[in-house]
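1. I need the structure of the sequence given here:
(chains A and B)
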Amino acid sequence: NAGVMQNPRHLVRRRGQEARLRCSPMKGHSHVYWYRQLPEEGLKFMVYLQKENIIDESGMPKERFSAEFPKEGPSILRIQQVVRGDSAAYFCASSYDTNPYGYTFGSGTRLTVV
Amino acid sequence: EDKVVQSPLSLVVHEGDTVTLNCSYEVTNFRSLLWYKQEKKAPTFLFMLTSSGIEKKSGRLSSILDKKELSSILNITATQTGDSAIYLCAVDTGTASKLTFGTGTRLQVTL
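-> Below is the predicted model of the structure:
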């Protein structure tokens, strides 16, 4: 039973390009959370999704960022027209239900914008 | 705005020392407090605390919650170099189970 799989592990994008980050939750988990970790800062909540639904996107910037969790396939966090300030580690967590005790984090995607 | 503050920000100790890491919080709705260890990859779960005064223990690590003081401590006894990591404290405010994290304490254990 593989854990939460995130890919790519490292992603380099030039300013203005698009970044697509993928997260495959653990088997049987239907709740997915995305967090962003800026250098020297803690993890900041971005968005919470269940299959085909965005439940809470209160932590996600209104522009350029979007997330989806389709019926089939991984959850995708998409950042359009990236800027240097988007450089960060993006972590995905999945859980079976809404109890954080059951959270499992992926290893993250480190995005660098040059 | 919900806030979680950890101290110290960083700490260097010798192997065998005992360390205490602090976490305080200010949130509108408290459901539980969680501790994670983060090495160079995914945060891994250590403890979840919901009740005041009950110590959770796992080997050399232990943690306790004080709801009156809105704080928690994480103790590590007889530290080893493998304990070197960032220790994160997070609070579940019960809102869609999103966690509010502190900035973490970076612990380095030297020989």
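2. enumerate the residues of chain A near chain B.
-> Counting by CB under 8 Å from any CB of the partner chain, chain A comes close to chain B at A:3-4, A:31, A:33, A:35, A:40-45, A:48, A:55-56, A:58-59, A:91, A:95, A:98-101, A:103-108. C-beta here means a position set from N, CA and C on the backbone, and glycine is covered the same way.
3. which residues touch the residue nearest the centre of chain A?
-> Against the mean C-alpha coordinate of chain A, by CA atoms, centre = their mean, the closest residue is A:Trp34 at 3.8 Å. Residues counted as contacts of A:Trp34 (CB atoms under 8 Å, 6 or more residues apart in numbering or on different chains) are A:23, A:45-49, A:60, A:67, A:75, A:77, A:90-92.
4. now do 7 Å
-> A:46-47, A:67, A:77, A:90, A:92 (CB atoms under 7 Å, 6 or more residues apart in numbering or on different chains).
5. if you rank those residues by neighbours, which is first?
-> Counting neighbours by other CB atoms under 10 Å in any protein chain shown, A:Cys92 comes out on top of the contacts of A:Trp34 with 29 neighbours.
6. please name the bridge partners of the closest residue to that residue other than its chain neighbours.
-> With CB to CB, 6 or more residues apart in numbering or on different chains as the criterion, A:Cys92 has its nearest non-adjacent residue at 3.4 Å, and that residue is A:Cys23. Here A:Cys23 sits in beta bridges with A:Gln6, A:Ser75, as judged by DSSP bridges.
7. and chain B, which of its residues are near chain A?
-> B:32, B:34, B:41-43, B:45, B:48, B:88, B:92, B:96-99, B:101-104 (CB under 7 Å from any CB of the partner chain).
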